[in-house]
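Q: I'd like to go over a predicted model; first the sequence, then the structure.
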Amino acid sequence: GAVVSQHPSWVICKSGTSVKIECRSLDFQATTMFWYRQFPKQSLMLMATSNEGSKATYEQGVEKDKFLINHASLTLSTLTVTSAHPEDSSFYICSASGTGGYEQYFGPGTRLTVT
Amino acid sequence: QKEVEQNSGPLSVPEGAIASLNCTYSDRGSQSFFWYRQYSGKSPELIMSIYSNGDKEDGRFTAQLNKASQYVSLLIRDSQPSDSATYLCAVNIRGGGNKLTFGTGTQLKVEL
């Protein structure tokens, strides 16, 4: 149980374009989803927290107009990186938690390369 | 003081030995604690959760929690090369809603 999928697993895009990443909870209802970014050999960095049907809460220093998050249902959240630049190249990972606990289950991650 | 602290390692242990990973946290009111394993290039995987003082065992893994001393540890018995990974300690910090605060992780290397 507690399976989270992400799509795509990797993406290459040109500078200035936008990229959408999907995160789905496959076998449970995710009341909260989290988006993280991780640069090579560095720690997880929480970008934002989203609750189904509500606006996402962004961490300090994360541009909400650049990283658009939508949590439209209890099983789907999307992260759109708008006007991507090479410095946005990173490993983006979503996680999800259900009701009644703080456990987070991570998706497999999306590796974004902006050229 | 960091909210969740771990020794970055690497911690090297021989195959078959017990690996001991430690984590300290700053918020005395924290109630929920987790250990994640992250292989290089992969996303974290939940391996243990613990909420009460004492030990919790699951297969070769034992999580230990001491709220008075504000530390949580993970023991891996009969360590295998496949256990080589970075182990992340995560804590639900009081006042942080349902977010988890992660330590920077301890790299474990199990040597043949």
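A: Structure's in. What do you need? Residues are numbered from 1 along each chain as shown, chains lettered A, B, ... in the order given.

Q: going by C-alpha atoms from here, please, whenever you check contacts or count neighbours.
A: Noted.

Q: quick one: strands adjacent to the helix or strand that contains B:Thr62?
A: B:Thr62 is part of strand B:61-66 when elements are defined by DSSP states H and E. Applying DSSP bridges to the sheet, strand B:61-66 is found paired with strand B:54-58 (antiparallel), strand B:71-76 (antiparallel).

Q: what comes up buried for the first one?
A: I take that to be strand B:54-58. For strand B:54-58, a neighbour-count test (16 or more other Cα atoms under 10 Å in any protein chain shown) marks B:Lys56 as buried.

Q: then the last one?
A: The neighbour-count criterion (16+ other Cα under 10 Å) identifies B:Tyr71, B:Val72, B:Ser73, B:Leu74, B:Leu75, B:Ile76 as the buried residues of strand B:71-76.

Q: low-confidence ranges in chain B?
A: For chain B, no stretch has pLDDT under 70.

Q: from B:Lys67, how far off is the residue positioned nearest the centre of chain A?
A: Centroid-nearest residue in chain A, with Cα atoms, centre = their mean: A:Trp35, separated by 3.6 Å. As judged by Cα to Cα, to the nearest Å, A:Trp35 and B:Lys67 stand 29 Å apart.

Q: give me every residue in chain A lying close to chain B.
A: A:42-44, A:49, A:93, A:102-109 (Cα under 8 Å from any Cα of the partner chain).

Q: next, A:Asp88: phi, psi?
A: With angles defined as degrees, to the nearest 10, A:Asp88 sits at phi -80, psi -10.

Q: neighbours of it, how many?
A: 17 (other Cα atoms under 10 Å in any protein chain shown).

Q: so what's it up against?
A: A:Leu112, A:Thr113, A:Val114 (Cα atoms under 8 Å, 6 or more residues apart in numbering or on different chains).

Q: I'm done for today, thanks for sticking with me.
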